[in-house]
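Asker: Sequence first, predicted model second:
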Amino acid sequence: TDHELYCAGHLIEGAIAYKEATGKDNMLRVAMKYADLIDRVFRVEHSAAFDTPGHEEIELALMKLYHYTGEERYFKLAEYFINTRGTSDRDETYSFADQEHMQSHLPVREQVTAEGHSVRALYLYSGMADLALETKEEKLTEICRTLFENITEKRMYITGGVGSTCRGESFTFDYDFPEYTAYNETCASIALALFCRRLWLIEADGRYADTAERALYNTVLSGISLSGDSFFYENPLAVDPRRNAFNDSRPEGLKEHLPILERVKVFGCSCCPPNLVRTIGSIGDYLYSTAGNTIFAQCYMDADTTLHLNGKTITLQERTEYPCDGKISWTLKSEGNFTFAVRIPGWCDKAELLVNGEKVPAAAEKGFVYLERDWKDGDRIELGGRTLEVLHTPGHSPGHMCFWEAERGYLFSGDLVYRGTLFACYPSTNPEEYLSSLERTACLPMERLLPAHHALDIGPELLGRVRDAFRGLKEQGKLRHGGGTFDYGDWAVRL
C-alpha cells in the first residue's frame, strides 16, 4: 500500500546514477542486494503480505537495473509486478481510497483510461512502456498508446499538468480542468515526460516529444526557482491572493484546499524537489534517440553529443536558444551514411529546413523530416525561419506580453483582447496602460488576431474597435477602476 517499494525504486536509480558519475559501485552493490531480497520475497517465495507495490516506481527502476547489469532476474521481477497488478486479492489500499486509486482495479492490459493517483499511474505506464519495448508485445504497446491519448487529449492541462484534484492527487474525468484548485503535481509532469520518452523509443511519433516538451517547459520548470533552492509541489492555472487570504481567515471546517502562492524550500512530503534535481541532471536523455540507422532529434537544447549508431560513433553539435527562438542548427563532427530525423513541433505550421545552406523539403511524417545521406564532417542542418517579436503590453497585468510575427502578420494577443469580457478592474490592472498597449498594437499590419481565450475566428478589426472604445471611455472620464461595465456586443470591459 505504502511507499517502501517506491523508495526502493528511487534508491536503485540513484545507485546507478552514482556509479555512472563516480565509477564507484558500493551503493550499486547495496541496491542490488536489496533488489535481490525483493525478488525473493515477492516473485520467488510469495512470502510478502501483498503482491504489487502500493506506489509504483520500482518497475522502471528494475528495468533500468536489468539493462545496466544484464541480470535477467530484475527484468522478471519488473514483469511480475506489472503483470500481477490488478489480479491480486491480497493488495490492499488506504481506508479512504479504492483499488482504482492505485491502478489495481483492472489488469494493466485492460486499463484504457488514466485513473487514480496521477504520479503512481504515470510511473506504472512508464514501466509498461519499458516492458513493451523489451518484449515487442503489441497489445501492451497499444494500451500504452491508448493511455497516452486519453491523458493528452482529455485529461491534460495546456501546461502539460496532470491530476486535476488534490483529493488523492488524482486524475478525475474527461475535460475536468479547474483553474484555482488545479493540482498538477510537479512529479506528475516529470512522470509524464518519462512516459513520453519511453513511447518515442517504441515508435517514431513527434507527438511524444511535443508532450514531453510541453510538460518540461511549463509545469516541471515552474516547480523550481531560478536559484534552485525553493519549489512548488502544485502548479495551478490561476491564483488570486485575495482568495487565499479569505480562505485563510475561515474556520478550519470551511476552508478549501488552495495551492501556496510562493515556493518553499521543503515540504512535509518532499518528493518533488529531488525529482526536479534529477530531471535537470538527466535532461540530456531527452535530446536524441536512435533506431536502426536513424538518429531522431527529439527535444531541442544546446548540446555537444556523441552517439553510437550501428557500430559508428557520431558526434553532433547543436546550437539554439529554443524555446525563446525557433532557430536550431546541428553541425556534424563525424562522417557516415545514416538518416537524421528532425522533429517539427506539432504547434509549428511552417518550418524552413536547410542543409549546408540549401533548402530541403520539410514535409513531416508523423512529426519528423527524414534526411538520409552520406554526411561529412562540418555538414550543417538548420531548422527555423520563424521570428516572434515580444511586445510588452501592460494593462491587463503588469507583465502582460503579446507576440508579433511580422512575416505573417500574426498577433498573438494573449489577454489583451478577445471576444467576451475584458477585465481591467483588479488592483493589478491599469486601465490607462491598457489603452497605451491597445494603441501600440492596433497599428500593426495584422492578417490574423489570435487571442488566448474563447473564439479564435475573430478579425483584426476587433482590436481597433476595442482601442476606439477605450479612447471614448477616457474622454468621458470613465477609464478608471470603478468606472463600470460597458457592453459592446461581441465584447465588453469591466473597469
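Answerer: Yep, that arrived. Numbering: from 1, shown residues only.
Asker: C-alpha only now, for contacts and for neighbours.
Answerer: Will do.
Asker: Apart from its chain neighbours, what residue comes closest to residue 387?
Answerer: In space, and not counting its chain neighbours, residue 387 is closest to residue 405: 6.2 Å by Cα to Cα, 6 or more residues apart in numbering.
Asker: Pairing partners for that neighbour in the sheet, please.
Answerer: On the basis of DSSP bridges, residue 405 is bridged to residue 410.
Asker: Next, count neighbours for it.
Answerer: The tally of other residues near residue 405 (other Cα atoms under 10 Å) stands at 16.
Asker: Hmm, it is touching residue 413, no?
Answerer: No. The pair residue 405 / residue 413 is not scored as a contact, 11.2 Å apart, by Cα atoms under 8 Å.
Asker: Go ahead and confirm residue 452 touches residue 413.
Answerer: Yes. With contact defined as Cα under 8 Å, residue 452 reaches residue 413; the gap is 6.8 Å.
Asker: These two: which is more packed in?
Answerer: Counted by other Cα under 10 Å, residue 452 and residue 413 do not tie: residue 413 has more neighbours, with 22 against 13.
Asker: Buried by neighbour count: which residues of the helix or strand encompassing the more buried one qualify?
Answerer: Following DSSP states H and E, one finds residue 413 within strand 410-414. Residues 410-414 are the ones in strand 410-414 that count as buried (16 or more other Cα atoms under 10 Å).
Asker: show me where the stretch 351-495 of the chain has strands.
Answerer: 352-355, 358-360, 368-375, 380-384, 389-392, 401-405, 410-414, 420-423, 448-451, 485-487, 491-494 (DSSP state E, counting those that start in this stretch).
Asker: Return the set of buried residues in the fifth one.
Answerer: Put plainly, it is strand 389-392. For strand 389-392, by 16+ other Cα under 10 Å, it's residue 391.
Asker: Touching it from outside, list them.
Answerer: Applying Cα atoms under 8 Å, 6 or more residues apart in numbering, the external contacts of strand 389-392 come out as 399-406, 437.
Asker: Any idea which of those residues the model trusts least?
Answerer: Minimum pLDDT across the contacts of strand 389-392 is recorded for residue 399, with 83.
Asker: residues contacting that one?
Answerer: Residue 399 touches 392-393, counting by Cα under 8 Å, 6+ apart.
Asker: ok so, going back, among the strands of the stretch 351-495 of the chain, which is nearest residue 322?
Answerer: If you check each of these against residue 322 by Cα to Cα, strand 380-384 wins as the nearest, at 10.0 Å.
Asker: strands paired with the closest one, and their directions?
Answerer: strand 328-332 (antiparallel), strand 352-355 (antiparallel).
Asker: Mind putting those into a markdown table with distance to residue 422?
Answerer: Below are the strands paired with strand 380-384 laid out as a markdown table (distance: least, Cα to Cα, whole Å):
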| stretch | distance to residue 422 |
| --- | --- |
| strand 328-332 | 37 |
| strand 352-355 | 37 |
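Asker: What score does residue 1 have for pLDDT?
Answerer: 57.
Asker: For the residue nearest the centre of the chain, pull up the helix or strand it's in.
Answerer: Against the mean C-alpha coordinate of the chain, by Cα atoms, centre = their mean, the closest residue is residue 215 at 1.1 Å. Assigned by DSSP H and E, residue 215 falls within helix 206-215.
Asker: next helix or strand past that helix?
Answerer: Next in sequence after helix 206-215, counting helices and strands by DSSP H and E, comes helix 221-222.
Asker: buried set for the helix or strand that comes right after that following helix?
Answerer: Per DSSP H and E, helix 221-222 leads on to helix 241-249 as the next helix or strand towards the C-terminus. Within helix 241-249, the residues scored as buried using 16+ other Cα under 10 Å are 244, 247.
Asker: Restricting the selection to alpha carbons, write helix 241-249 to PDB.
Answerer: Extracted C-alpha coordinates of helix 241-249, given in PDB (Å, rounded to 0.1, in the frame of the first residue of the first chain):
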ATOM      1  CA  PRO A 241      -4.100  36.300  -3.300                       C
ATOM      2  CA  ARG A 242      -7.400  37.700  -2.100                       C
ATOM      3  CA  ARG A 243      -9.000  34.200  -2.500                       C
ATOM      4  CA  ASN A 244      -6.100  32.700  -0.400                       C
ATOM      5  CA  ALA A 245      -6.400  35.400   2.200                       C
ATOM      6  CA  PHE A 246     -10.100  34.900   2.500                       C
ATOM      7  CA  ASN A 247      -9.600  31.100   2.700                       C
ATOM      8  CA  ASP A 248      -7.000  31.500   5.500                       C
ATOM      9  CA  SER A 249      -9.500  33.600   7.500                       C
END
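Asker: now the helices: where do they sit in the stretch 51-200 of the chain?
Answerer: With DSSP state H, counting those that start in this stretch as the criterion, the stretch 51-200 of the chain has helices at 58-69, 72-84, 118-135, 138-154, 186-202.
Asker: To residue 223, which of these lies closest?
Answerer: Proximity to residue 223 (Cα to Cα) singles out helix 186-202 among those, at 5.9 Å.
Asker: Would you work out how far apart the start and end of stretch 452-461 are?
Answerer: Counting by Cα to Cα, to the nearest Å, you get 17 Å between the two ends of stretch 452-461.
Asker: Number the chain from 23, please
Answerer: Let's use 23 as the start, then, which means that last one is stretch 474-483.
Asker: Show me what the helix holding residue 237 is in contact with.
Answerer: Helix 228-237 is contacted by residues 174, 181-183, 211-212, 214-216, 218-219, 221-222, 320-321, 365-368, 388-390 when judged by Cα under 8 Å, 6+ apart.
Asker: related to what we said a few turns ago, can you put the helices of the stretch 73-222 of the chain in a markdown table and add mean neighbour count?
Answerer: Below are the helices of the stretch 73-222 of the chain laid out as a markdown table (neighbours: other Cα atoms under 10 Å):
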| stretch | mean neighbour count |
| --- | --- |
| helix 80-91 | 21 |
| helix 94-106 | 19 |
| helix 140-157 | 25 |
| helix 160-176 | 18 |
| helix 208-224 | 25 |
